[in-house]
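Colleague: Sharing a sequence plus its predicted fold:
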Amino acid sequence: MKLSIISFTKNGGQLAKTLAKLLHEETNKIDVSVTEAHSQKQSVGEWTKAQMAEKNALLFIGACGIAVRAIAPYLTDKLHDSPVLVMDEKGHYVIPILSGHMGGANALACSLAEKIGAVPVITTATDLNNKFAVDLFAKKNHLFIANREGIAKVSAKVLEGKEILFSMEKERLTEENHIPNGIRIVAYPPKQPVDVVITSDEGTFDAALLLKPKEYVIGMGCRKGKDANEIEQFILRKLEDLHISPTQIWALSSISQKREEPGMLAWCQKRNVLFLLYTAEELQDTKGTFCASSFVKNTVGVDNVCERAAIKACGSNGRLIAPKYAENGMTIAIAKREWKVTFDEE
């Protein structure tokens, strides 16, 4: 996650720097940038537009009104909006105002609050009532929400204390799953109206909400500094050939030398997929039959990057469905992973 912080006062600027320092010391998972509004040439609106276009998380240290006016022109929907938070300049309160569940703003608010002794102000109804949140469940299990209007329908029933019916193949549940009270699993395919269906199958279901697994992994290698647009078009062409939607992609995987590759990073950020990296030794130890290249082995220390990376990311029972394909300094392979879901907290 990339967190972009903007402040509007001297106190706010100091708080922003303190937060950035704490985040840098405690984790490498969040890349933080700090901006002081008075010291930049672009307007707050222009800054906001740029950050949201890159799908960064935004933290405004200042008044809620400033944040609301800044983000308003760039809102899309709850599944794709950037997480946005507001914190007062004294660091007393931190308020997630956009994308609390899917974007992770609620969790980030709690994390930031803990670091500086602030109070997280959470307003999401399911969180306030300590109830099951189906959109958060989907996010944790890497499930694509096919019809976002169904979230409100399911959440309304949860808050009313009504039973929620889930339909999925029994083998898709992880072992020792603790099903929350108020949720019942019924046979798949459902023979009755249900609230939630989880499946990779095509078809029409009598369900309020349809969740689809992100079951594919892209393994990729490329020449250093490849143009981001060229990488994106290369990936999209391959997916189209295989009749795979970008919404079905769980991760893009490669060798560790590509951790700063702009085109790969940009694609993962834009499509909200994991970017998984492995050392040459880890890839070489991956079991399977792969298209070996002595040139690649001499260059990066492993005889194949894209196929091995795709299978490695899948874990157990992954299988290659599209072998290595090379084009203009880029290689790609696609694997299908074995997906499961859990109701247990991570």
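Modeller: Structure received.
Colleague: Now do the contacts for the nearest residue to residue 206 once chain neighbours are set aside.
Modeller: The spatially closest residue to residue 206, leaving aside those adjacent along the chain, is residue 193, at 4.5 Å (C-beta to C-beta, 6 or more residues apart in numbering). The way it works is simple: take the backbone N, C-alpha and C, and place the C-beta from them, glycine included. Contact partners of residue 193, counting by C-beta atoms under 8 Å, 6 or more residues apart in numbering, are 165, 206, 207.
Colleague: most neighbours, which of these?
Modeller: Within the contacts of residue 193, most neighbours by other C-beta atoms under 10 Å means residue 207, with 23 neighbours.
Colleague: That one and residue 31, how far apart?
Modeller: 38 Å (C-beta to C-beta, to the nearest Å).
Colleague: for residue 200, same thing?
Modeller: 33 Å.
Colleague: what residues are up against residue 226?
Modeller: 261, 263, 329, 330.
Colleague: ok, the last one touching residue 233?
Modeller: What that stands for is residue 330. No. Counting by C-beta atoms under 8 Å, residue 330 stays clear of residue 233, with 10.1 Å between them.
Colleague: between those two, which one's more packed in?
Modeller: Neighbour count, other C-beta under 10 Å: between residue 330 and residue 233, residue 330 has more, with 19 against 11.
Colleague: separation between the more buried one and residue 226?
Modeller: Residue 330 is 6 Å from residue 226, by C-beta to C-beta.
Colleague: who's in contact with residue 342?
Modeller: 140, 141, 173, 174, 177.
Colleague: biggest separation within the residues you listed, which pair?
Modeller: 140 and 173 (14.1 Å; C-beta to C-beta).
Colleague: still on that earlier bit, might you specify the subset of the contacts of residue 342 located within helices?
Modeller: residue 140 (DSSP state H).
Colleague: With distance to residue 305 added, can I get the contacts of residue 342 in TSV?
Modeller: Below are the contacts of residue 342 laid out as TSV (distance: C-beta to C-beta, whole Å):
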residue	distance to residue 305
140	29
141	28
173	34
174	30
177	36
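Colleague: Show me which of the contacts of residue 342 are buried.
Modeller: Buried by 16 or more other C-beta atoms under 10 Å: 140, 141, 173, out of these.
Colleague: Please name the nearest non-neighbouring residue to the second one.
Modeller: The one in question is residue 141. Spatially, and ignoring its direct neighbours in sequence, residue 141 is nearest to residue 341 (4.4 Å; C-beta to C-beta, 6+ apart).
Colleague: So in terms of bridging, what pairs with the one you found?
Modeller: residue 173 (DSSP bridges).
Colleague: Buried subset of the contacts of residue 226 as a PyMOL selection?
Modeller: Selection of the buried residues among the contacts of residue 226 in PyMOL, burial being defined by 16+ other C-beta under 10 Å:
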select buried, resi 261+263+330
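Colleague: Please identify the helix or strand for residue 297.
Modeller: helix 294-300 (DSSP states H and E).
Colleague: what mean pLDDT does that helix have?
Modeller: The average pLDDT for helix 294-300 rounds to 93.
Colleague: Helix or strand next in line after it, which one?
Modeller: Note on helix 294-300: by DSSP H and E, the next helix or strand toward the C-terminus is helix 306-314.
Colleague: helices or strands up against that next one?
Modeller: Here helix 306-314 touches strand 216-222, strand 249-255, strand 274-278, helix 280-284, strand 319-327, strand 330-336, going by 3 or more C-beta pairs under 8 Å, 6 or more residues apart in numbering; DSSP states H and E.
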